[in-house]
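**Q** with the input below, show me the fold.
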Amino acid sequence: MTYAAVVLAAGSARRFGSDKLSAPFRGEPLVYHAIRAARAAPVERVIVVAHPTLAIGAWPGSPVVSVEQIASPALSASLQAGIRAAGDVEGVFVFLGDMPLVPHDAAAALAARLGDAYAALPRQGGKPGHPVLLSRRALGDIPALSGDAGAGKLLKARDDVVFWDCDSPFIHADVDCPGDLAGLPAR
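**A** Have a look, this model is predicted:
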């Protein structure tokens with residue numbers, strides 16, 4: 001199977017009060033942790049959908065990391081840009097740039113479970129989290145999204161979504177405000 005990963009990093013971070021994706025976490029920008037988790041996925045490339053002011057830097061080695069700049073803070077526009085940039089693939093892993101501690105084994109576990117399902121998601125404590133693996137069928141529905149709606153709206157309406165039950169609470173741990181960042185484990 002040919003997969004790509006998309007890291008969504010173009011939001012406005014209004015609740016954070018500044019550029020949260022560049023905020024330092026464990027000695028580097030917050031978004032770098034999401035990129036590293038995406039690179040650990042079984043993918044040929046990683047597409048970071050970023051606001052034009054977000055500096056991503058070079059990521060040598062494999063998989064290749066490319067940046068798609070988008071000025072819109074709308075989640076649907078970011079997701080659509082990432083899916084377009086992924087091209088002809090069997091599926092796309094969607095990572096969020098403000099989730100720095102996603103387990104690096106999550107994506108491979110989702111790929112092992114996808115099969116003919118519409119999507120695969122990690123779940124902890126009965127609650128789905130990230131990353132999300134969208135199948136080729138699901139990718140065809142992404143252009144219909146609008147505004148600040150992500151794929152979650154599509155996934156809730158389906159009965160052909162599979163789950164990987166895991167113990168990690170970090171599939172839910174996103175950073176919305178400075179207190180969220182301060183509450184994450186330092187190591």
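
**Q** CA atoms for contacts and neighbours, from now on please.
**A** Fine.

**Q** who's in contact with the least confident helix or strand in the chain by mean pLDDT?
**A** Least confident helix or strand of the chain, by mean pLDDT, DSSP states H and E, is helix 178-182 with a mean of 82. Here helix 178-182 makes contact (Cα atoms under 8 Å, 6 or more residues apart in numbering) with 16, 25, 174-175.

**Q** so how far is that helix off the chain centroid?
**A** 19 Å (Cα atoms, centre = their mean, to the nearest Å).

**Q** and it, which residues are buried?
**A** Neighbour-count burial for helix 178-182 flags residue 181 (criterion: 16 or more other Cα atoms under 10 Å).

**Q** cool, and stretch 117-134?
**A** For stretch 117-134, by 16+ other Cα under 10 Å, it's 117-124, 128-134.

**Q** repeat that for stretch 74-92.
**A** 74-83, 85-86, 89, 91-92.

**Q** with stretch 135-144 instead?
**A** Buried, per 16+ other Cα under 10 Å, within stretch 135-144: 135-136, 138-139, 142.

**Q** show me where the protein has its helices.
**A** 30-39, 75-86, 106-114, 136-139, 152-156, 178-182 (DSSP state H).

**Q** looking at these, which is closest to residue 46?
**A** helix 30-39 (6.6 Å; Cα to Cα).

**Q** elements contacting that closest one?
**A** strand 3-9, strand 45-50, strand 91-96 (3 or more Cα pairs under 8 Å, 6 or more residues apart in numbering; DSSP states H and E).

**Q** return the last one as PDB; C-alpha atoms alone will do.
**A** This points to strand 91-96. Extracted C-alpha coordinates of strand 91-96, given in PDB (Å, rounded to 0.1, in the frame of the first residue of the first chain):
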ATOM      1  CA  GLY A  91      -4.600   6.300   2.000                       C
ATOM      2  CA  VAL A  92      -3.500   9.300   4.000                       C
ATOM      3  CA  PHE A  93      -2.600   9.600   7.700                       C
ATOM      4  CA  VAL A  94      -3.800  12.800   9.200                       C
ATOM      5  CA  PHE A  95      -1.700  14.200  12.100                       C
ATOM      6  CA  LEU A  96      -2.400  17.500  13.900                       C
END
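
**Q** looking at the buried residues of stretch 117-134, which is nearest residue 43?
**A** For the buried residues of stretch 117-134, the nearest to residue 43 is residue 133 (11.3 Å; Cα to Cα).

**Q** this completes my enquiry, with thanks.
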